[in-house]
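In: Generate a structure from the sequence data that follows.
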Amino acid sequence: MAERKKPTKKVVRVESTPEARAEESGWKPTPEAKSKALTFRIIALILWVLAIGGEAFEIFWVLRQSPPNMWLLIGGLVVIAGLAIGGSLLWKQANRLDPASRANPTRFFIQNQLGAIITVVAFLPLIILIFLNKDMSGSQKGVAGGIAIVLLLVAGFLGTSINPPSTEQYDAETNQVVEITGQNLVFWTKSGKVFHLCESVSAVNLESQDNTIYSGTVADAHAAGKERLTLQVDQEIDQCGFEAPAVDDAPSTDVDDDVVTDPDATPAP
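Out: Purely as a prediction, here's the structure:
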C-alpha cells in the first residue's frame, strides 16, 4: 500500500446539512443545491420569455415595416440569441446541481435539451418569415436570414447537453467512492471541474488561486459546481494508499457443493 503524502494546501471541510448527511448512503442533492438550481431555472425561464418576446417584437412590428429596419432587425436577432444562450447556460448549471433521472426518458430528454428546444422556437419562425417577407430585397433576406441561421446554430449548440448528468450517475459515483474509501468523502479545488478520492493526490495539490482544498460528500462536490468524479481513479487509489476494490473473477457453477460424484461409479440403469 502506498504511503499517503500530506497535502501542500489548506484543507477545508464543507459541512453538509443534517438532511444531506442522512442521505450519505445514496446521492441526493443538498437543500442548498436544490435552492440554487431552482433560482437558476427561474432566471433562465425569465430570459427565455424575454427571448420569445423579442421574437414577437421582430415578427409583429419590425418585419411589418415597409421596408423593415435592417439595423433593428439584426440587433434584435443578436439580443434574442444572447437571451437564449444566457438562459441555456443557467439551465444547464441547474441540471448539474439537481439532475433528472434516466428512469423517465421523456422527462430526462426535455429537461436536458430544453435550451436547444427554446432556441429553435425563438428563431425558426422568425427565419421563415424573414425569407418570406415581400418588403425585403433578396440581398437583405440573405444577410438577415444568414445571420439568424448562424445565431440559431450557435445558441442551439450551447443549449444542447451532449452528455447530461443524471441522478443515476451521481448515485454510482457515491457508491464507487464509498466502496474505495469507506466513506462518502471527496476532495476538490475551486478552479477544478472534477472531484478526487483524497487530499494528497497530485491533481488537487497543483497551484490554485486560493491555495485551498475543499472536502465534503459527493453531493457537496456537485453543489460546488464539480461535474463528476475524476477519470484517474486507479492512479488516485495508489496515491491515496487505498486498496483497489476486489473483483470476483471466479467462474459461476450450478453444481451443488454437497453432491460428491464418484468418477468410477456407473450410471444407474
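In: so residue 244 touches residue 236, yeah?
Out: No. Taking contacts as C-beta atoms under 8 Å, residue 244 lies outside contact range of residue 236: 10.9 Å. Using the backbone N, CA and C atoms, a C-beta is placed for each residue, glycine as well.
In: So these two - more neighbours on which side?
Out: Here residue 244 and residue 236 are compared on neighbour count by other C-beta atoms under 10 Å; more neighbours surround residue 236, at 23 against 10.
In: tell me the contacts of residue 94?
Out: 36, 37, 38, 40, 41, 44 (C-beta atoms under 8 Å, 6 or more residues apart in numbering).
In: and residue 184, how far is that from residue 173?
Out: Look at residue 184 and residue 173: by C-beta to C-beta, to the nearest Å, they are 10 Å apart.
In: re the thing from before, could I get the contacts of residue 94 as JSON lines with pLDDT, neighbour count and secondary structure?
Out: Output for those, formatted as JSON lines (pLDDT from 0 to 100; neighbours: other C-beta atoms under 10 Å; DSSP: H, G, I helix; E, B strand; the rest coil):
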{"residue": "36", "pLDDT": "92", "neighbour count": "18", "secondary structure": "helix"}
{"residue": "37", "pLDDT": "94", "neighbour count": "21", "secondary structure": "helix"}
{"residue": "38", "pLDDT": "97", "neighbour count": "13", "secondary structure": "helix"}
{"residue": "40", "pLDDT": "97", "neighbour count": "21", "secondary structure": "helix"}
{"residue": "41", "pLDDT": "98", "neighbour count": "20", "secondary structure": "helix"}
{"residue": "44", "pLDDT": "98", "neighbour count": "24", "secondary structure": "helix"}
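In: between those, which is closest to residue 200?
Out: residue 36 (29.9 Å; C-beta to C-beta).
In: and that closest one, what does it touch?
Out: Contacts here follow C-beta under 8 Å, 6+ apart; on that basis residue 36 touches 94, 97, 223.
In: repeat that with 10 Å
Out: 29, 30, 93, 94, 97, 98, 223, 225 (C-beta atoms under 10 Å, 6 or more residues apart in numbering).
In: same deal with residue 154?
Out: For residue 154, the contact set (C-beta under 10 Å, 6+ apart) comprises 81, 84, 85, 119.
In: Where does the last one sit, in terms of helix or strand?
Out: In this assignment (DSSP states H and E), residue 119 forms part of helix 105-132.
In: now do the second one
Out: Counting by DSSP H and E, the element that carries residue 84 is helix 70-97.
In: how much does that helix deviate in direction from helix 105-132?
Out: 170 degrees (axes from the mean of the first three to the mean of the last three C-alpha atoms, to 10 degrees).
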